[in-house]
Every structure is written in C-alpha cells, then in structure tokens.
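**Student:** predicted model and sequence below, questions to follow.
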Amino acid sequence: MNLKDFPSRVLNEHGIQAVHPDAFLLGLYNATPAQMVNLVENVCAQVELLSDENWPVRKLMKKARLPRLGKALERAN
C-alpha cells in the first residue's frame, strides 16, 4: 500500500507497474471469482475463529483496506 515508495518513472524503466493491493486482488477476483470467493471465505472463517466474532466480508475487507474487493464480494453473495 506504499505506492509512493515506488516511483513510476523508475518502475517504467524495468517494465513494471506498482498496483494497490485492492486493485490487484479485485483483478484476481474478476479473473477467477470462484477461487477468490473460496479463499476469502476461508480467511473469514479463520478470522472469526481467532477473534470469536462474526465478521461480514465487506467489513473485514474494509478493515484490511480492501474496500473495492469487499464490495465486489458482497455483490456476489
């Protein structure tokens, strides 16, 4: 999430681009929705087990600073 530490002019010289984790994971979700839903369900189950609290997917993704992924996952349900 520290994109400012990766100047695009330097990265462009190497043919790479820095991407925010939310955009990256949303791209993975769009490419393979079933796998991402399964993965996030497993993560949520672990979080609930460890915290002894119910965590709606969107709330957990927002806390993880992944709001766009959370919104997409919520729409999928």
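**Tutor:** The structure has been received and is ready for your questions. Numbering: from 1, shown residues only.

**Student:** so which elements touch the longest helix along the chain?
**Tutor:** Ranked by residue count, the top helix of the chain under DSSP state H comes out as helix 33-51. Other elements packing on helix 33-51 under the criterion 3 or more Cβ pairs under 8 Å, 6 or more residues apart in numbering; DSSP states H and E are helix 21-31, helix 57-63, helix 67-76. Backbone N, C-alpha and C define where each C-beta goes, glycine included.

**Student:** export these as TSV, with columns for distance to N42.
**Tutor:** Formatted as TSV, those follow (distance: least, Cβ to Cβ, whole Å):
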stretch	distance to N42
helix 21-31	14
helix 57-63	12
helix 67-76	13
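
**Student:** redo the ones you listed as CSV? Include mean neighbour count.
**Tutor:** Shown next, in CSV, are the helices and strands packed on helix 33-51 (neighbours: other Cβ atoms under 10 Å):
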stretch, mean neighbour count
helix 21-31, 15
helix 57-63, 17
helix 67-76, 17
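
**Student:** can you give the contact residues for the longest helix of the chain?
**Tutor:** Helix 33-51 has contacts (Cβ atoms under 8 Å, 6 or more residues apart in numbering) with 25, 28-29, 54-55, 57, 60-61, 69, 73, 76.

**Student:** among those, which one sits closest to R9?
**Tutor:** Closest approach to R9 among the contacts of helix 33-51 (Cβ to Cβ): L25, at 25.6 Å.

**Student:** name the nearest residue to that closest one, sequence neighbours excluded.
**Tutor:** Spatial nearest neighbour of L25, excluding adjacent residues (Cβ to Cβ, 6 or more residues apart in numbering): L69 at 4.9 Å.

**Student:** so how far is M36 from the one you found?
**Tutor:** Noted for L69: a distance of 8 Å to M36, by Cβ to Cβ, to the nearest Å.

**Student:** now swap in A64 and tell me
**Tutor:** 14 Å.

**Student:** the two: which is more packed in?
**Tutor:** M36 (20 against 15; other Cβ atoms under 10 Å).
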